[in-house]
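Engineer: After the sequence you'll find the predicted model.
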Amino acid sequence: MIPYGRQSISQGDIDAVVAVLRSDFLTQGPAVPAFEKAVAERVGAQHAIAVNSATSALHIACLALDLGPGDRLWTAPNTFLASANCARYCGADVGFVDIDPGTWNMSADDLARRLEIAAREGTLPKAIVPVAFGGQSCDMRAIKALADRHGVAVIEDASHAVGGRYAGRPIGCGEFADITVFSFHPVKIVTTAEGGMAMTNDHRLATRMQLFRSHGMTRDAALMEGASEGDWYYEQIELGYNYRMTELQATLGLNQLKRLNEFVERRHRIAARYAAMLAGLPLAAQQPLADAHSALHLYPVRLDDTARRRDVFDALRGSGVGVNVHYIPVHLQPYYRRLGFRRGDFPNAEAYYAGAITLPMYPDLTEAMQDQVVGALRNALGARTAGSARRDA
């Protein structure tokens, strides 16, 4: 089975992790700060907070912004559950902004319309979470301008987008977001097995996120409420969590980061080949944003005839091509339906989902594998079309 995504692990990655296993520190050692420093330097951010998942990074970002009961967070429906769930962890309400029908990212136009309504009604969100779907940045300049106009914080969910660029700068630099979140899950651009990171240029937000990732505990005398009783002394000054990244994860991430350019360039070569091979088929690919250079975490397509999706998906899986679907709109999940959301609330996200299939995309995908993917897709579309013609006759 050709998977839709897969990690690329080198012998250097293996050797680096084995060296950590033989070292003095498996957790809370020098590797995590080194990984944070390397990512911060890479994207041009002042602070990086490594955690055990991007979900944890979203959570501590919300906590650092004091999101809580009575507050609202808005995100796009076309995302993984965590982009919305992070608000619910804090007791806040969730709202959604529909996507652009071409880029499949949060629509700045729909955001502007909803913010104007919310401003009149006194229901503005405290934060919005635009999602860099597939590795491509949202129109962050427009989104940040709208957020600033209404006094709303921006948490950029760039879980798909480490290595991508927007407006000539690395995603995560902090120019267009208060906090940016990366993911290092195995199918992402670089991996730490599981892991995430929050980037910010705000020292206060960074300090708070550092506290929340480790029990709300500090040994920093400047943050303590009392005098230190000795080198062993610490104080819990917030209600925090154990969201720490291990030394093994950070070391793997550090080594993977050396190949970030290579990974993204390889993904772009695969995407260019897909574009040429899929030309003329009854489907659409994600439209590029003029100011963005995608990290190409995913290669999603949308079938023109959404009635074909299930048959085409099953045919591809049956042919050894491990396609997937990204994403079921979050507002259609049973949990969010119980909060009052309904089918039809966000028509662009629902229309995209109805025909969506994610084709394999990862650095080690060979041309022979890609030929197999496209051949199977052509066969599935042709077989389904012939079957429909027979039934119509």
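Structural biologist: Right, received. Where do you want to start?

Engineer: now the helices for this structure?
Structural biologist: Here the chain has its helices, by DSSP state H, at 11-21, 31-43, 54-64, 82-89, 108-121, 140-150, 203-212, 247-257, 260-278, 309-318, 334-337, 347-355, 367-392.

Engineer: For the second one, enumerate the helices and strands it packs against.
Structural biologist: Helix 31-43 sits against strand 47-51, strand 196-200, helix 247-257, with contacts defined as 3 or more CB pairs under 8 Å, 6 or more residues apart in numbering; DSSP states H and E. Any C-beta I mention is one placed from the backbone N, CA and C, and that applies to glycine too.

Engineer: Dump the ones you listed into a markdown table; add distance to Phe346 and mean neighbour count as well.
Structural biologist: Formatted as a markdown table, the helices and strands packed on helix 31-43 follow (distance: least, CB to CB, whole Å; neighbours: other CB atoms under 10 Å):
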| stretch | distance to Phe346 | mean neighbour count |
| --- | --- | --- |
| strand 47-51 | 29 | 27 |
| strand 196-200 | 26 | 29 |
| helix 247-257 | 34 | 24 |
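
Engineer: Which among the ones you listed is found nearest to Asn105?
Structural biologist: Asn105 lies closest, by CB to CB, to one member of these: strand 196-200, at 19.1 Å.

Engineer: okay, the helices of the chain, which one's buried deepest?
Structural biologist: Comparing the helices of the chain by mean neighbour count (mean count of other CB atoms under 10 Å), helix 54-64 ranks first with a mean of 27.

Engineer: Direction-wise, compare it with strand 47-51 and give the angle.
Structural biologist: For helix 54-64 against strand 47-51, the angle by axes from the mean of the first three to the mean of the last three CA atoms, to 10 degrees is 130 degrees.

Engineer: Relative to the whole chain's centre, how far out is helix 54-64?
Structural biologist: Remark: helix 54-64 is offset 13 Å from the chain centroid, using CA atoms, centre = their mean, to the nearest Å.

Engineer: Pull the residues that contact that helix.
Structural biologist: 49, 51, 73, 82-83, 85-87, 89-90, 92, 127, 129, 155, 157, 159, 179, 181-185, 195-198, 205, 208-209, 212-213, 241, 243 (CB atoms under 8 Å, 6 or more residues apart in numbering).

Engineer: Going by mean pLDDT, which of the helices of the chain comes out lowest?
Structural biologist: In terms of mean pLDDT, the lowest-scoring of the helices of the chain is helix 367-392 (a mean of 75).

Engineer: export the helices and strands packed on helix 31-43 to TSV and tack on distance to Glu367?
Structural biologist: Compiled in TSV, those are given as follows (distance: least, CB to CB, whole Å):
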stretch	distance to Glu367
strand 47-51	36
strand 196-200	32
helix 247-257	24
